[in-house]
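Trainee: Need a 3D model of the following:
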Amino acid sequence: EVQLQASGGGLVQAGGSLRLSCAASGVTFDRYAIGWFRQAPGKEREGVSAISDADGSRYYADSVRGRFTISRDNNKKSVYLQMNNLKPEDTAVYFCQGTIGDSQYWGQGTQVTVSS
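Mentor: Next up, the predicted model:
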């Protein structure tokens, strides 16, 4: 079972950047696909971006494509989400999730707040 720790959130002005990190422990990290999700107050959790375990294929939600970049460093057991040109609507708690087979594991969230 993987343990995930998300970090890097904060308060930033619109147009600014943040880099989120998701650090894993306890497992063979490169066997896990990792996804980033977010949940804004009063809204459902939504998928933001994901990166596969095998070939590093990447997924981006339409709302973030071209602004966010996901990457992974298996040696450091970490996945990163570089967020550029942030908008107020990006404000949410961001979570990372690890998937292997039919099992999913969640880390705690990190708050991202974008002021206008």
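Trainee: Kindly state the beta-bridge partners for the spatially most central residue of the chain.
Mentor: In the chain, the centroid-proximal residue (C-alpha atoms, centre = their mean) is residue 36; its distance is 3.0 Å. Beta bridges link residue 36 to residue 49, residue 96 when assigned by DSSP bridges.
Trainee: And it, what's its pLDDT?
Mentor: On pLDDT, residue 36 comes in at 98.
Trainee: So that it lines up with my notes, have the first residue be 73 from now on.
Mentor: Happy to do that; since the first residue is 73 now, the last one works out to residue 108.
Trainee: show me what contacts it?
Mentor: By C-beta atoms under 8 Å, 6 or more residues apart in numbering, the residues touching residue 108 are 92, 94, 119-122, 142, 151, 153, 166-169. The C-beta positions use only the backbone N, C-alpha and C, and glycine is treated the same way.
Trainee: again, 7 Å this time
Mentor: For residue 108, the contact set (C-beta atoms under 7 Å, 6 or more residues apart in numbering) comprises 120-121, 142, 153, 166, 168.
Trainee: swap in residue 160?
Mentor: Counting by C-beta under 7 Å, 6+ apart, residue 160 touches 86, 186, 188.
Trainee: next one: residue 149
Mentor: 95-97, 101.
Trainee: Reformat these as CSV; add neighbour count, distance to residue 112 and pLDDT.
Mentor: Formatted as CSV, the contacts of residue 149 follow (neighbours: other C-beta atoms under 10 Å; distance: C-beta to C-beta, whole Å; pLDDT from 0 to 100):
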residue, neighbour count, distance to residue 112, pLDDT
95, 17, 24, 95
96, 24, 25, 94
97, 10, 28, 90
101, 22, 29, 88
